[in-house]
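S.K.: structure, please.
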Amino acid sequence: MTDTPTVYVTREIPEAGLERLRERYEVAVWEEKLPPTKAHVVSRLAELDAEGLVCLLSDTVDAEVLDASPDLSVVSTFSVGYDHVDLEAAAERDVAVGHTPGVLTETTADLAWALLTACARRTVEGHAYVEADEWETWGPTLLTGPDIHGATLGIVGLGNIGTATARRAAGFEMDVRYSGRSRKPDREAELAAAGVEATYVERDELLAESDFLSLHVPLVEATEGLIGEEELRRMSEDAVLVNTSRGGVVDTDALDTALEEGWITRAGVDVTDPEPLPGDHPLLRHAPERLVVTPHIGSASIGTRDRMAEMAAACIEAGIEGEPLPHSALEDAGVE
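M.R.: Modelled structure (predicted):
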């Protein structure tokens, strides 16, 4: 053993972060495709006497993990969300917790629009149609879908990503409406400056009047199953649902029924419940005609993932050096 602190990384993150860590610490990385078990993480932290842990959303960081190494001083999650980390337990043990807020806002909004347009213009279905050698001629009604321009875009949760998604509607001259716990005049002003007039409405009205409904809320107790049978039935049968937030925000069984019975026309989702979604899951029988699924790639641009890696490394550095974290999950969550 050396006097150099050791950091354990539960997945091979972009080199921009790993290189930064290796310049100052001993770094051990789990290099397999699938995540390590919690038991393995506990074992490795203890074996390494690790002072730092870089984890992902798929890792459970609870009291057992936090107690694995007596020298553990900081956990840094390669994600904006931190619901997989027991913040109360970390605070009790004086373990700092970092995350990567803000960095993926624009990139995730890009993907929300990619799903929206893919569903509206049926591009994934069109590719499958060509690949199956069914394209015999141009047809007046072949793969027609709803117009995006001039339609009503509903945003559930006008936070950073919801606002970025709404801002992109300016080029389509859409009627933008949103719902949430309260009206957000500051966000409305921000959007107005970008050429988008966003109107606050109650959720039931938003559900009923949106041609495209995009979800941008965190997964907490109040939002789990937020979109279920009742909400899907309130939507127009021509509506498209887009989810780039968390899989648990939508009731999977209700969505399956909604697509089967035509309560809504299509859905585009980057997050699922369960996640990963098994290839034989009943929901996938609707793809690609009524469903487009991507494997949680909302932040998957090279630039964004590099910045996330650098931010995660910066939190590790600050925590090991006993300095305030540049992005503290404990502070953001109000945990002392």
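S.K.: what about the helices in the chain?
M.R.: 15-22, 38-48, 63-66, 87-92, 105-121, 123-131, 160-167, 185-193, 203-209, 229-234, 252-261, 302-320, 329-333 (DSSP state H).
S.K.: of all these, which one is nearest P276?
M.R.: Distance to P276, taken as CB to CB, is lowest for helix 252-261 among the helices of the chain, at 13.0 Å. From N, CA and C alone the C-beta is placed, and that goes for glycine too.
S.K.: out of the helices of the chain, which gets nearest to H216?
M.R.: helix 160-167 (3.5 Å).
S.K.: so what does the closest one touch, helix or strand wise?
M.R.: For helix 160-167, the contact count by 3 or more CB pairs under 8 Å, 6 or more residues apart in numbering; DSSP states H and E identifies helix 105-121, strand 152-156, strand 175-179, helix 185-193 as packing neighbours.
S.K.: just name the most buried of the ones you listed.
M.R.: Of all those, strand 152-156 has the most neighbours on average by mean count of other CB atoms under 10 Å, namely a mean of 25.
S.K.: contacts for it, please.
M.R.: 162, 165-166, 169, 174-180, 198, 203, 206-207, 209-217, 226-227 (CB atoms under 8 Å, 6 or more residues apart in numbering).
S.K.: where in the protein is pLDDT low?
M.R.: 1-2 (pLDDT under 70).
S.K.: got the domain ranges for it?
M.R.: Per automatic domain parsing, the domain ranges recorded for the chain read 6-102+302-333, 105-293.
S.K.: what about V42, how many neighbours?
M.R.: 18 (other CB atoms under 10 Å).
S.K.: kindly report the same for V220.
M.R.: V220 has 12 neighbouring residues, counting by other CB under 10 Å.
S.K.: which residues touch the closest residue to it other than its chain neighbours?
M.R.: In this structure, V220 finds its nearest non-sequential neighbour in D83, 7.5 Å apart by CB to CB, 6 or more residues apart in numbering. D83 is in contact with P218, L219, V220, counting by CB under 8 Å, 6+ apart.
S.K.: for stretch 272-285, what is the spacing between the initial and final residues?
M.R.: Stretch 272-285 has an end-to-end distance of 15 Å (criterion: CA to CA, to the nearest Å).
S.K.: buried residues in that stretch?
M.R.: T272, D273, L277, L283 (16 or more other CB atoms under 10 Å).
S.K.: residues contacting the last one?
M.R.: Think L283. Residues in contact with L283, defined by CB under 8 Å, 6+ apart, are T252, L255, D256, L259, T272, L277, L291, V293.
S.K.: can you lay out the contacts of D83 as TSV showing distance to L116?
M.R.: Below are those laid out as TSV (distance: CB to CB, whole Å):
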residue	distance to L116
P218	21
L219	21
V220	25
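S.K.: and which of those is nearest I264?
M.R.: L219 (21.3 Å).
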